[in-house]
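Engineer: just a sequence and a predicted model for now, questions to come.
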Amino acid sequence: MNVFEGGGHELELRNGATEVLVEVLMLAVTALAREDWDYAFAAELARQDQNLMGRGVVGLRLEDLDWGPDPERGRAFALAVVDLALTRHRWDELGYDPPYAEGYLRTFRLMVEATRPAPVPPADPTDIMAASCIRHRVLTPLAWYPACVLCGRG
């Protein structure tokens, strides 16, 4: 089971549900990322790719994220990403219909809203994603993995 936590809420997802959540969030974050922290957040989402990290062992604790120099701006960006995903942004490119994705996204949004970022050490600037998968037009951490979350699908 993969666990996402934040603001006193949990989202426990099986492997397929985790893939869906990560894929729809990556489509949205790719469209919105403009500043360094946006790309760092995209990298955190990409790290939830089970093809990279292993099935059943990913998860994200929102309180542990480095929310950037302006945590409220970071949280607003994360909410904007979820809101764009909720509009089904580019879902037609997934090749399947994710019937439960909206529920996962609504829970994830609630978690982001309820999270009060704590001070954490600044992120390593090398963790910032600025590369994009040419085939899928999705941000990808090419420095440490040769494919985006959509390339890795079986």
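Structural biologist: In hand now; what should we look at? Because the structure is predicted, anything quoted here is derived from the model rather than measured. Numbering: from 1, shown residues only.
Engineer: quick one: distance of stretch 110-120 to the chain centre.
Structural biologist: Per C-alpha atoms, centre = their mean, to the nearest Å, the displacement of stretch 110-120 from the mean C-alpha position of its chain is 15 Å.
Engineer: quick one: mean pLDDT for it?
Structural biologist: What stretch 110-120 shows for mean pLDDT is 85.
Engineer: now stretch 74-81
Structural biologist: Regarding stretch 74-81, the rounded mean pLDDT is 96.
Engineer: what comes into contact with that stretch?
Structural biologist: For stretch 74-81, the external contacting residues (C-beta atoms under 8 Å, 6 or more residues apart in numbering) are 25, 28-29, 32, 37-38, 41, 65, 67-68, 109, 112-113, 115, 117. For the C-beta atoms, the positions are set from N, CA and C on the backbone; glycine is no exception.
Engineer: sitting in helices, which of those do you find?
Structural biologist: The helices, defined by DSSP state H, take in 25, 28, 29, 32, 37, 38, 41, 109, 112, 113 from the contacts of stretch 74-81.
Engineer: tell me who's in contact with the first one.
Structural biologist: Going back to what we said before, that points to residue 25. Residues counted as contacts of residue 25 (C-beta under 8 Å, 6+ apart) are 45, 81, 82, 85, 105, 108.
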